[in-house]
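Undergrad: Output the structure for:
(one chain, ligands or ions: 2)
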Amino acid sequence: MTSEAQVQDDPAPLVACTVSRDVQNFDLLIEDMETELGEAWGDLSFADARQFFRQPESGALKFVAIALDHDDGDHLAMVADLIEAAKAQGVKVILVADEVSPMALHQLLQLGAEDFIPYPLPEGALRDAIARLDTPRKAAAADFVDMSAAPAPRAPLPAAQPGAHGIVLPVQSVSGGAGATTIAVNLAWELAGIERKDPQPRVLLMDLDLQFGSVSTYLDLPRREAVYELLSSTDTMDDDAFRGALMNFNDRLSVLTAPPDILPLDFIEPEEVARLLDRARAHFDYVVIDMPTTLVNWTETVLNAADFYFAPFELDLRSAQNILRLRNALRAEELPFEKLRFLLNRAPKGMDLAAKGRTKRMAETLEIAIDVQFPDGGRPVRDACDQGLPLAIEAAKNPLRKEIQKLAASIHARQSDRLEAAE
Ligand SMILES: Nc1ncnc2c1ncn2[C@@H]1O[C@H](COP(=O)(O)OP(=O)(O)OP(=O)(O)O)[C@@H](O)[C@H]1O
Ligand SMILES: [Mg+2]
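TA: Ligands and ions are numbered 1, 2, ... in the order given. Now for the predicted structure:
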């Protein structure tokens with residue numbers, strides 16, 4: 001580390017600075033700065049930083065890491081000024097936050113801080129944040145589907161029941177690849193066989209990830225033109241058109257796959273999604289929806305119709321940051337954030353106490369409850385997805401399957417209680 005005096009006297013070789021009330025409160029940051037930058041960084045107090053950014057030489061820095069903890073609540077206005085001063089000099093800002101409220105973080109990010117990392121710093125987080133300062137975001141990878149698969153049987157449409165309102169269970173990954181499709185597919189399949197004896201609940205699985213939806217891959221169903229036709233004409237949709245677009249998986253589960261070609265996510269409007277949901281809820285007891293990871297103009301429609309909105313995430317920085325963004329976006333629009341049920345996927349095993357601690361801290365920092373944890377089911381999960389089969393068929397004893405089965409059982413028990421109470 002380079003001392004404050006050197007920052008003032010010889011700023012040229014410095015790449016970055018930390019700015020904090022007392023950098024000794026952030027010893028892991030000191031270690032990581034040394035690992036990433038060797039001697040080429042300095043540390044500044046808030047007051048010194050204010051002076052420093054008045055000097056044009058400060059523009060030679062690549063970034064500042066402004067570190068805050070819960071005792072800095074009174075300094076937020078000053079920190080906001082510092083971020084603006086740094087931006088004015090063209091210096092990028094990474095926030096390092098130890099128990100700072102999401103609201104405060106949101107405001108500071110809005111002022112132009114490029115990124116934030118929670119403190120204690122996760123392994124490699126500073127390195128990743130520094131790398132992200134230069135790298136444009138990557139686009140999601142496409143999935144490659146065998147479009148030539150033989151057509152699967154059409155689904156018989158269960159009779160609509162007057163006044164029936166199936167429950168809507170969307171699943172949306174907080175960050176791409178966190179497991180939404182695996183969870184949606186297997187949750188739908190478990191619900192469709194949840195009763196010991198027939199009749200089973202009527203379950204529809206809808207893939208609304210219109211671009212890269214992979215429900216069809218995970219259940220080995222073809223993507224059909226009829227889905228495109230249905231989505232392009234919901235205003236004239238009747239039961240026949242709706243039925244015509246559904247597929248049947250193993251005589252038990254009805255599926256609306258994504259259409260064959262990639263469509264813009266705003267191909268469907270909120271009122272069209274509302275019409276689809278109405279029809280689905282009239283015919284089915286459970287409507288499980290695989291949602292795109294992106295927020296779209298009809299996310300609100302689905303969220304409002306949902307009983308719970310499952311949000312799988314992973315124990316990494318990417319998920320933490322996205323949860324924060326998601327919460328801020330929903331709150332700003334006054335949408336029901338409390339419907340979100342955060343599902344930690346690939347959760348650490350019981351023995352991994354350090355990771356358990358990280359999980360607890362993540363929940364506390366983000367002020368969320370982590371309702372369900374799903375274990376890493378390993379290679380068999382990917383294999384089942386590639387085989388186009390639910391885990392219950394392909395790997396019935398897999399630990400991930402067991403947890404999804406428990407979740408399905410608890411949803412169904414709750415729903416059965418509700419129906420009984422209503423009778
Ligand atoms: N708990 C788990 N254990 C093992 N493998 C898993 C687990 N959850 C998901 N996977 C695997 O991770 C990969 C990505 O999962 P999935 O496609 O469900 O994620 P997604 O959130 O829907 O991704 P996308 O953002 O592409 O829609 C798949 O190969 C899946 O088999
Ligand atoms: Mg998916």
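Undergrad: Excluding sequence neighbours, find me the nearest residue to the most centrally placed residue in the chain.
TA: Of all residues in the chain, the one closest to the mean position by C-alpha atoms, centre = their mean is residue 174, 0.2 Å from it. Of all residues not flanking residue 174 in the chain, residue 313 sits nearest, at 3.8 Å (C-beta to C-beta, 6 or more residues apart in numbering). All C-beta atoms are positioned from the backbone trio N, CA, C, and that covers glycine.
Undergrad: For the helix or strand where residue 324 lies, C-alpha coordinates in PDB please.
TA: Using DSSP states H and E, residue 324 falls within helix 317-332. Provided in PDB are the C-alpha atoms of helix 317-332 (Å, rounded to 0.1, in the frame of the first residue of the first chain):
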ATOM      1  CA  LEU A 317     -21.900 -11.800  -6.200                       C
ATOM      2  CA  ARG A 318     -23.800 -11.700  -9.500                       C
ATOM      3  CA  SER A 319     -27.000 -13.000  -7.800                       C
ATOM      4  CA  ALA A 320     -26.500 -10.600  -4.900                       C
ATOM      5  CA  GLN A 321     -26.300  -7.600  -7.100                       C
ATOM      6  CA  ASN A 322     -29.200  -8.700  -9.300                       C
ATOM      7  CA  ILE A 323     -31.400  -9.300  -6.200                       C
ATOM      8  CA  LEU A 324     -30.700  -5.800  -5.200                       C
ATOM      9  CA  ARG A 325     -31.500  -4.400  -8.600                       C
ATOM     10  CA  LEU A 326     -34.600  -6.500  -8.800                       C
ATOM     11  CA  ARG A 327     -35.800  -5.300  -5.400                       C
ATOM     12  CA  ASN A 328     -35.200  -1.700  -6.300                       C
ATOM     13  CA  ALA A 329     -36.900  -2.000  -9.700                       C
ATOM     14  CA  LEU A 330     -40.000  -3.700  -8.200                       C
ATOM     15  CA  ARG A 331     -40.200  -1.200  -5.300                       C
ATOM     16  CA  ALA A 332     -39.800   1.800  -7.700                       C
END
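Undergrad: Centre of the chain to that helix, how far?
TA: Centroid displacement of helix 317-332 relative to its chain, using C-alpha atoms, centre = their mean, to the nearest Å, is 8 Å.
Undergrad: ok, then the element right after that helix?
TA: Remark: after helix 317-332, the chain's next helix or strand is strand 340-347, criterion DSSP H and E.
Undergrad: ok, back up a step: can you count the residues close to the residue nearest to residue 174?
TA: By other C-beta atoms under 10 Å, 25 other residues sit near residue 313.
Undergrad: What residues does it make contact with?
TA: Under the criterion of C-beta atoms under 8 Å, 6 or more residues apart in numbering, the neighbours of residue 313 are 173-175, 178, 319, 322-323, 342-345.
Undergrad: Report the entries of those residues that also contact ligand 2.
TA: Among the contacts of residue 313, none lies close to ligand 2 by the criterion of C-beta under 5 Å from the ion.
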